[in-house]
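[1] Next comes the sequence, and after it the predicted model I'd like to discuss.
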Amino acid sequence: MNTLKVALLGAGNVGSEVARILLEDSEVLASRAGSHLELIGIAVRDTESKRAEHIGHELLTTDAEALVDQADIVIELIGGIEPAGSLVARALRRGSVVVTGNKALLAERGAELFQLARDNGGHLGFEAAVAGAIPILRPINESLSGDRITKVMGIVNGTTNFILDAMDTTGADFGDVLKQAQDLGYAEADPTADIEGYDAAAKAAILAMLSFHADFRIGDVFREGITSITAEDVDAAKDAGFVIKLLAIAERLDNGVAMRVHPTLIPREHPLGAVHGAFNAVFVEADNAGELMFYGQGAGGRPTASAVMGDLVSAVRRLTRGIGAAKDADAAVEVNQSNIKALGIENVLTSYCIGLTVTDRPGVLSRIAAIFADNGVSIEQMRQTRGFAEDDQASILRIITHRGSEQALAKTVESIRELDVVSHVNSVLRVEGN
Ligand SMILES: NC(=O)C1=CN([C@@H]2O[C@H](COP(=O)(O)OP(=O)(O)OC[C@H]3O[C@@H](n4cnc5c(N)ncnc54)[C@H](O)[C@@H]3O)[C@@H](O)[C@H]2O)C=CC1
Ligand SMILES: N[C@@H](CC=O)C(=O)O
Ligand code: NA
């Protein structure tokens with residue numbers, strides 16, 4: 001049996017688990033892959049760090065470039081655009097197998113890196129980049145390659161699901177739960193990427209690239225995070241039979257693909273309503289397959305390392321069988337097959353749940369209803385959720401609309417905001433699955 005040299009870049013939450021598996025399970029991995037996998041080094045920023053100590057100093061180096069140049073296989077788990085991007089490109093130019101979990105990088109430079117892999121007979125595996133342990137990218141790219149995908153919708157960020165779930169089930173405070181998510185290894189190095197929706201937007205772009213075979217980027221994705229979600233929003237959603245989830249949606253419309261990430265009200269009985277903690281779930285709709293659902297652990301070092309190892313073993317199997325990665329049509333990612341355009345959110349159909357504080361006097365409801373009618377938006381539910389004593393003159397209204405164009409809904413909210421009887425627009429959240 002031959003031996004292939006593996007370089008690991010980064011020894012954080014995921015990298016340290018990958019190192020552990022490579023060292024502990026080396027015999028099983030060799031029998032599955034058909035080659036011994038020798039971990040020749042681990043590039044870290046600081047060889048004296050606590051985590052590095054845990055792994056063992058003899059493998060550690062701060063010279064990532066030299067390590068890449070000695071390896072047959074490079075596993076990039078540093079994260080971020082640079083130096084990760086240059087190191088991945090360097091390895092691909094050498095024709096190496098590269099495995100990464102770096103969605104931020106792929107959502108900026110995916111097309112270029114896939115091309116580099118093709119041009120140099122290398123291979124780029126990135127199943128870990130979307131929804132952690134869940135096999136979702138290879139099913140889309142390979143199993144569904146004979147079908148036409150129309151929509152992908154799911155919970156793809158474990159940190160925000162963990163936070164929203166805790167707010168919903170225990171009424172926990174946002175800040176405390178974020179700290180727990182960080183301690184559990186779910187959050188990005190800068191958790192702004194999670195809570196402001198950038199991580200989910202990168203994943204939406206990658207899902208859309210593979211589903212619609214076009215070079216989409218994170219900048220094509222409409223994005224709203226969860227930082228403006230309050231305990232009151234969570235309670236109001238509960239009261240109406242909904243739960244708030246951060247959803248990533250990429251859908252095929254008549255003239256292109258619309259990609260969006262935003263907090264969304266989901267009926268509690270919807271399958272996505274039952275996704276708790278850092279779990280993720282993704283629905284895929286295709287013309288012939290119909291609706292598919294993928295569910296599992298979407299974040300955390302160990303589950304994510306499982307996806308990394310899966311990419312690694314399957315790429316090595318092909319190498320061992322002498323199948324050059326460039327000739328491996330199954331594994332090739334084609335993102336330039338279609339001229340399909342990225343569309344703005346104004347093109348999508350959705351429904352809104354609008355919370356308003358209004359002056360409690362006769363005629364208010366009809367003035368509000370008239371604005372909806374003027375914009376062609378129909379109301380599914382209008383409910384006065386709390387009334388005060390007459391002289392307090394304020395009540396809270398919750399309005400859920402039928403599906404309408406995002407443009408018309410946004411215009412409706414703008415006009416309502418200007419009404420003198422509306423003292424405050426408390427929240428505007430989109431609704432799906434109702
Ligand atoms: N933590 C998770 O649940 C998941 C993470 N990912 C992705 O996996 C990658 C790694 O994530 P984590 O392990 O959570 O991050 P982390 O922040 O825990 O680890 C990154 C490691 O890279 C090291 N590093 C930074 N710059 C370096 C450099 N110039 N040279 C060598 N090492 C350097 C850091 O010291 C750190 O140990 C990221 O791309 C992340 O988005 C993907 C799926 C899930
Ligand atoms: N920070 C990410 C990690 C996995 O991709 C998340 O919380 O989902
Ligand atoms: Na995955």
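    Nice, thanks for sending it over. Ligands and ions are numbered 1, 2, ... in the order given.
[2] Any buried residues in stretch 171-190, and which?
    174, 177-178, 181-182, 184-188 (16 or more other Cβ atoms under 10 Å). Bear in mind the C-beta positions are built from the backbone N, C-alpha and C, glycine included.
[3] at contact distance from ligand 1, anything in that stretch?
    Yes. Stretch 171-190 reaches ligand 1 (Cβ under 6 Å from any ligand atom) through 185-186, 188-189.
[4] which two from those end up farthest apart in space?
    Based on Cβ to Cβ, the longest span within the residues of stretch 171-190 next to ligand 1 runs between Y186 and A189 and measures 11.9 Å.
[5] In helices, which of the buried residues of stretch 171-190 appear?
    174, 177-178, 181-182 (DSSP state H).
[6] Point out the least confident one among the residues you listed.
    Across these, the smallest pLDDT goes to F174, namely 90.
[7] which residues does A43 contact?
    7-10, 60-64, 67, 78 (Cβ atoms under 8 Å, 6 or more residues apart in numbering).
[8] what's the average pLDDT for the one helix or strand Q115 maps to?
    Secondary structure assigned from DSSP states H and E places Q115 in helix 103-120. Helix 103-120 comes out with an average pLDDT of 95.
[9] Please identify the buried residues of it?
    Going by neighbour count (16+ other Cβ under 10 Å), the buried part of helix 103-120 is 103-111, 113-118, 120.
[10] helix, strand or coil for the residue of the stretch 201-350 of the chain found nearest ligand 2?
    Nearest residue of the stretch 201-350 of the chain to ligand 2 (Cβ to the nearest ligand atom) works out as A299 at 3.8 Å. Here A299 is coil, with the state taken from DSSP: H, G, I helix; E, B strand; the rest coil.
[11] which ones are touching the closest residue to it other than its chain neighbours?
    Distance criterion Cβ to Cβ, 6 or more residues apart in numbering; nearest residue to A299, sequence neighbours excluded, is G158 at 2.8 Å. Taking Cβ under 8 Å, 6+ apart, we find G158 in contact with 132, 181, 186, 277-280, 297-300.
[12] For the stretch 51-200 of the chain, what lies in contact range of ligand 3?
    127, 131, 134 (Cβ under 5 Å from the ion).
[13] are any of these buried, and which?
    By 16+ other Cβ under 10 Å, those give 127, 131, 134 as buried.
[14] ok, the closest residue to the first one other than its chain neighbours to ligand 1 distance?
    Beyond its immediate neighbours in the sequence, the residue positioned closest to E127 (Cβ to Cβ, 6+ apart) is A307, lying 4.4 Å away. Using Cβ to the nearest ligand atom, to the nearest Å, one gets 8 Å for the distance from A307 to ligand 1.
[15] Got the confidence number for A307?
    pLDDT, A307: 98.
[16] Kindly report the same for E65.
    Value for E65, per-residue pLDDT: 98.
[17] Quick check: which element contains it?
    helix 64-70.
[18] Assign a three-state SS to N339, would you?
    Relying on three-state DSSP, one would call N339 coil.
[19] ok so, going back, tabulate the contacts of A43 (CSV), appending secondary structure and neighbour count.
    Shown next, in CSV, are these (DSSP: H, G, I helix; E, B strand; the rest coil; neighbours: other Cβ atoms under 10 Å):
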residue, secondary structure, neighbour count
A7, strand, 26
L8, strand, 29
L9, strand, 27
G10, coil, 26
L60, strand, 18
T61, strand, 14
T62, coil, 11
D63, coil, 10
A64, helix, 25
L67, helix, 22
I78, coil, 25
